[in-house]
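J.: just the structure for this:
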Amino acid sequence: MRESADVKGRRYLAEGRLTILHVSDSAIAATCRGNGAVYRPGWSTVAAWACDCPARGVCAHLVALQLVTVREVA
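T.: Numbers count the residues shown, from 1 in each chain. Sure, this is the predicted structure:
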């Protein structure tokens with residue numbers, strides 16, 4: 001049975017696979033070790049949430065990043 005992106009993202013976070021590289025008002029950059037590769041999930045005012053992995057839509061790497069980031073609403 002395949003894990004959903006949500007379950008896999010939570011597992012990646014629990015296993016310490018996510019590394020936050022940069023946080024600012026306009027961008028968040030991270031790396032996340034997937035199964036055999038390192039991907040770069042992030043957020044920016046230009047591209048919103050994005051990841052360079054081949055998955056379409058919200059992937060496990062983005063789920064892991066979103067679980068530890070909160071954007072303050074003014």
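
J.: what is the lowest-mean-pLDDT helix or strand in the chain packed up against?
T.: Using mean pLDDT, DSSP states H and E, strand 48-50 stands out as the lowest-scoring helix or strand of the chain, at a mean of 93. Secondary-structure packing of strand 48-50 (3 or more CB pairs under 8 Å, 6 or more residues apart in numbering; DSSP states H and E): strand 42-44, helix 60-67. The C-beta positions use only the backbone N, C-alpha and C, and glycine is treated the same way.

J.: quick one: these as TSV, columns for distance to Ser4 and mean neighbour count too.
T.: TSV is the format used below for the helices and strands packed on strand 48-50 (distance: least, CB to CB, whole Å; neighbours: other CB atoms under 10 Å):
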stretch	distance to Ser4	mean neighbour count
strand 42-44	21	19
helix 60-67	8	24
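
J.: what does the helix or strand where Arg10 lies contact?
T.: Using DSSP states H and E, Arg10 sits in helix 5-14. With CB atoms under 8 Å, 6 or more residues apart in numbering as the contact definition, helix 5-14 has outside contacts at 3, 18, 32-34, 55, 57-64, 66-68.

J.: one more time with 6 Å, if that's ok
T.: When contacts are defined by CB atoms under 6 Å, 6 or more residues apart in numbering, helix 5-14 is touched by residues 32, 58-60, 63-64, 67.

J.: re the thing from before, which parts of the least confident helix or strand of the chain are buried?
T.: Trp49 (16 or more other CB atoms under 10 Å).

J.: so how far is that strand off the chain centroid?
T.: A distance of 9 Å separates the centroid of the chain from that of strand 48-50, by CA atoms, centre = their mean, to the nearest Å.

J.: note down every partner strand of that strand and its orientation.
T.: strand 42-44 (antiparallel) (DSSP bridges).

J.: how far is the strand it pairs with from where the chain is centred?
T.: Taking mean C-alpha positions (CA atoms, centre = their mean), strand 42-44 and its chain are 9 Å apart.
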